[in-house]
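> when you get a sec, could you give me coordinates for this:
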Amino acid sequence: MNDLHPVALFRLAVLGPLISREHLAHGELKRLLRELAERDYDIPGSDRCRIGEKTIESWYYAWRRDGIEALTPKARSDRGQSKLPAAIQAAILDAKRDNPRRSIDQLILLLERSGQAARGTLPRSSVHRLLQGHGLSRPLGGASEVEEHRSYEARYAGDIWYGDVMHGPQVPVKGRVRKVYLVSLMDDASRLLTHSAFCTGEKALDIEGVLKQAVLKRGLPVKLVVDNGPAYRAKTLQGICARLGIHLIYCRPFAPEGKGKLERWHRTVRDQFLSELDATRIQDLSDLNARLWAWLEEIYHRRTHAGLADLSPLQRYQQDLSRIRSLGNRAERLDELFCHRLSRQVRKDGTVSYQGQRFEVPYELAGQKVQLVVDPHSGQAISLEDGAGQALGCVVPLDVVANSNRQRHKPGPSADLPRAQPQGPNLVEMAYQQYHAIDDKQATPVKPSMKTEDEES
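You can find the predicted model right below:
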């Protein structure tokens, strides 16, 4: 019997919880497929760690139909062959060898313009397979050329922190079972977890909460390296790092090699923490985090590491304590630095809204656009700023009952306002004078003459 294909063995292992059952109750297959799709796997020949429900389901029915042989990947019958005419193949290969930087689109265009191939008769996939079969699929020096990767390490603790998220277990949260996520920040030089916590999500707010605890305990890093996920791209996280003087750096898409230490940390959590966890003692998320933090401080941070010259992460981190950037006077206003700034238009009644609650602001700001400073963790609005960050005043929750007895400020009557003296021509006065000039001319009587008729003659 031929040796089993390693991919078939892997797929069989994934299906283990399904095929080990003689009978599946109604609805149980769908539930198990969903649970299997939520797990992380070390997939042969792939950088991915998740498998879709539909894929697992197709494997399951294939196994039921034909056994493990159905899980073996099938090779293409035309692998390594090209259906393009021999003359076209030769022209493509000659054009590629003549200029290795030519892309597939350029090669197709070249053959079409030169009259060697009719327009639309060269599929990109066929050209790609032809080039791949002759080892010419990568342009010399192009983006698809294998990139050199070398192991590296920060020289001092505090130089580089890495951040990442791992899918965690399901625990009770506010009365119902929910999946949680492990958000971690690791110091590169020492492998010390500056802070790690299970959160109900993997959003920017969860990452910011972990970062806040990390800088309180371990000072400020020079660089924080994260991936390109939406949570890390949030303007709020970028603003916090800018205010703290932390250089926020994003890994290139599809290039996770820079976070290998964090991937190793995630494996350690699964193998040494979650595997030992007594789920019957976990009542809520705080119980899970309390055990994580105890395990971190008592076991993980104190265990020697071969990559640290047999030092523990804590010992290695303490070697560079004198170089760690402290919060200094920023510690007193750390809550303020982690606040969010939200653009708001002040209503005519002098209020703004945040998370469904209305807050009163100085009434003279009515109609203006302001920045509302809020604490996203407590859900409270704190103060107002203008676009340049200058304070505009405090905010307080709206109390409509108290406002019913409040004496309101009213502007004085317009008659009491000082009137400016006219400085130039006035249309009304000019019209008035012109009108009366005409009227006076028509109403002026003719004066009788004092001379006699004889004198006049």
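> am I right that Gly389 is in a helix?
No - using DSSP: H, G, I helix; E, B strand; the rest coil, the assignment for Gly389 is coil, not a helix.
> next, the buried residues of stretch 318-332.
Buried residues in stretch 318-332, counted by 16 or more other CB atoms under 10 Å: Asp320, Ile324. No exception for glycine: its C-beta is placed from N, CA and C like everyone else's.
> again but with stretch 307-318, I slipped
So, applying 16+ other CB under 10 Å, buried residues of stretch 307-318: Leu308, Leu311, Ser312, Pro313, Leu314, Gln315, Arg316, Tyr317.
> try stretch 261-276
Leu262, Trp265, His266, Val269, Phe273, Leu274.
> inside helices: which ones of those?
If you go by DSSP state H, the buried residues of stretch 261-276 have Leu262, Trp265, His266 in helices.
> least confident pick among the residues you listed?
Minimum pLDDT for these is recorded at Leu262 (88).
> and Gln238, what does it touch?
Gln238 makes contacts with Leu248, as judged by CB atoms under 8 Å, 6 or more residues apart in numbering.
> one more: Leu292?
Leu292 touches Leu182, Ser196, Ala197, Phe198, Phe273, counting by CB under 8 Å, 6+ apart.
> near the residue lying closest to Leu342 once chain neighbours are set aside, how many other residues are there?
Closest residue in space to Leu342, ignoring its immediate chain neighbours: Leu372 at 4.7 Å, by CB to CB, 6 or more residues apart in numbering. Residues within reach of Leu372, counting by other CB atoms under 10 Å, total 23.
> and if you look at Arg11?
24.
> excluding its backbone neighbours, what's nearest it?
Leu71 (4.3 Å).
> which of the buried residues of stretch 307-318 fall in helices?
Those of the buried residues of stretch 307-318 lying in helices (DSSP H): Pro313, Leu314, Gln315, Arg316, Tyr317.
> neighbouring strands for the longest strand anywhere in the chain, and are they parallel or not?
With DSSP state E setting the assignment, residue counts place strand 160-173 as the longest strand in the chain. Sheet pairing here is set by DSSP bridges, and for strand 160-173 it gives strand 176-187 (antiparallel), strand 223-226 (parallel).
> just the mean pLDDT for the longest one, thanks.
Read that as strand 176-187. Rounded mean pLDDT across strand 176-187 is 94.
> show me what counts as buried in that strand.
Quick answer for strand 176-187 (16+ other CB under 10 Å): Val180, Tyr181, Leu182, Val183, Ser184, Leu185, Met186, Asp187.
> for the second one, which residues are in contact?
Okay, so that is Tyr181. Val165, Met166, His167, Gly168, Phe198, Cys199, Thr200, Gly201, Glu202, Asp206.
> quick one: these as a markdown table, columns for neighbour count and distance to Arg303 too.
Below are the contacts of Tyr181 laid out as a markdown table (neighbours: other CB atoms under 10 Å; distance: CB to CB, whole Å):
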| residue | neighbour count | distance to Arg303 |
| --- | --- | --- |
| Val165 | 23 | 24 |
| Met166 | 22 | 20 |
| His167 | 15 | 24 |
| Gly168 | 20 | 22 |
| Phe198 | 21 | 21 |
| Cys199 | 19 | 25 |
| Thr200 | 14 | 29 |
| Gly201 | 15 | 30 |
| Glu202 | 19 | 27 |
| Asp206 | 19 | 27 |
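> which pair in the residues you listed has the greatest spatial separation?
Met166 and Thr200 (14.1 Å; CB to CB).
> the stretch 301-450 of the chain: helices as residue ranges?
313-318, 334-337, 400-403, 427-443 (DSSP state H, counting those that start in this stretch).
> least confident of the ones you listed, on average?
What stands lowest among the helices of the stretch 301-450 of the chain, in mean pLDDT terms, is helix 400-403, with a mean of 64.
> can you list the domains in the chain?
Following automatic domain parsing, one finds the domains of the chain at 6-71, 86-133, 160-322, 339-403.
> any idea which of these is most buried?
domain 160-322 (a mean of 17; mean count of other CB atoms under 10 Å).
> what about it, how long is it end to end?
16 Å (CA to CA, to the nearest Å).
> output the below-cut-off pLDDT ranges for the stretch 201-350 of the chain.
Along the stretch 201-350 of the chain, the model assigns pLDDT under 70 to residues 252-258.
> try 90 this time
Across the stretch 201-350 of the chain, the ranges flagged by pLDDT under 90 are 201-204, 226-243, 245, 248-263, 275-280, 305-309, 327-350.
> tell me where it has strands.
For the stretch 201-350 of the chain, applying DSSP state E, counting those that start in this stretch gives strands covering 223-226, 247-250, 340-345.
> can I get stretch 7-25 as PDB, trimmed to CA atoms?
Written as PDB, here are the backbone C-alpha positions of stretch 7-25 (Å, rounded to 0.1, in the frame of the first residue of the first chain):
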ATOM      1  CA  VAL A   7      -2.400  16.500   3.100                       C
ATOM      2  CA  ALA A   8      -4.900  13.600   3.400                       C
ATOM      3  CA  LEU A   9      -3.600  12.800   6.900                       C
ATOM      4  CA  PHE A  10      -4.000  16.500   7.900                       C
ATOM      5  CA  ARG A  11      -7.600  16.700   6.500                       C
ATOM      6  CA  LEU A  12      -8.400  13.400   8.300                       C
ATOM      7  CA  ALA A  13      -7.200  14.900  11.600                       C
ATOM      8  CA  VAL A  14      -9.300  18.000  11.100                       C
ATOM      9  CA  LEU A  15     -12.400  15.700  10.600                       C
ATOM     10  CA  GLY A  16     -11.600  13.700  13.700                       C
ATOM     11  CA  PRO A  17     -14.400  15.100  15.900                       C
ATOM     12  CA  LEU A  18     -16.900  14.300  13.100                       C
ATOM     13  CA  ILE A  19     -15.800  10.900  11.900                       C
ATOM     14  CA  SER A  20     -15.300   9.600  15.400                       C
ATOM     15  CA  ARG A  21     -19.000   9.700  16.000                       C
ATOM     16  CA  GLU A  22     -21.200   6.800  14.900                       C
ATOM     17  CA  HIS A  23     -24.400   9.000  14.800                       C
ATOM     18  CA  LEU A  24     -24.900  12.700  14.600                       C
ATOM     19  CA  ALA A  25     -28.100  14.200  16.100                       C
END
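> for the closest residue to Pro230 other than its chain neighbours, give me its contacts.
Nearest non-adjacent residue to Pro230, counting by CB to CB, 6+ apart: Ala204, 7.9 Å away. By CB under 8 Å, 6+ apart, Ala204 lies in contact with Pro230, Ala231, Tyr232, Ala234, Thr236, Leu237.
> now the fourth one. Nearest residue, chain neighbours left out?
Just to be clear, that refers to Ala234. Nearest to Ala234 is Ala204, by CB to CB, 6+ apart, at 3.5 Å.
> that older thread, let's have the buried residues of strand 176-187 in JSON lines, adding distance to Leu110.
Formatted as JSON lines, the buried residues of strand 176-187 follow (distance: CB to CB, whole Å):
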{"residue": "Val180", "distance to Leu110": "55"}
{"residue": "Tyr181", "distance to Leu110": "50"}
{"residue": "Leu182", "distance to Leu110": "52"}
{"residue": "Val183", "distance to Leu110": "51"}
{"residue": "Ser184", "distance to Leu110": "51"}
{"residue": "Leu185", "distance to Leu110": "51"}
{"residue": "Met186", "distance to Leu110": "50"}
{"residue": "Asp187", "distance to Leu110": "53"}
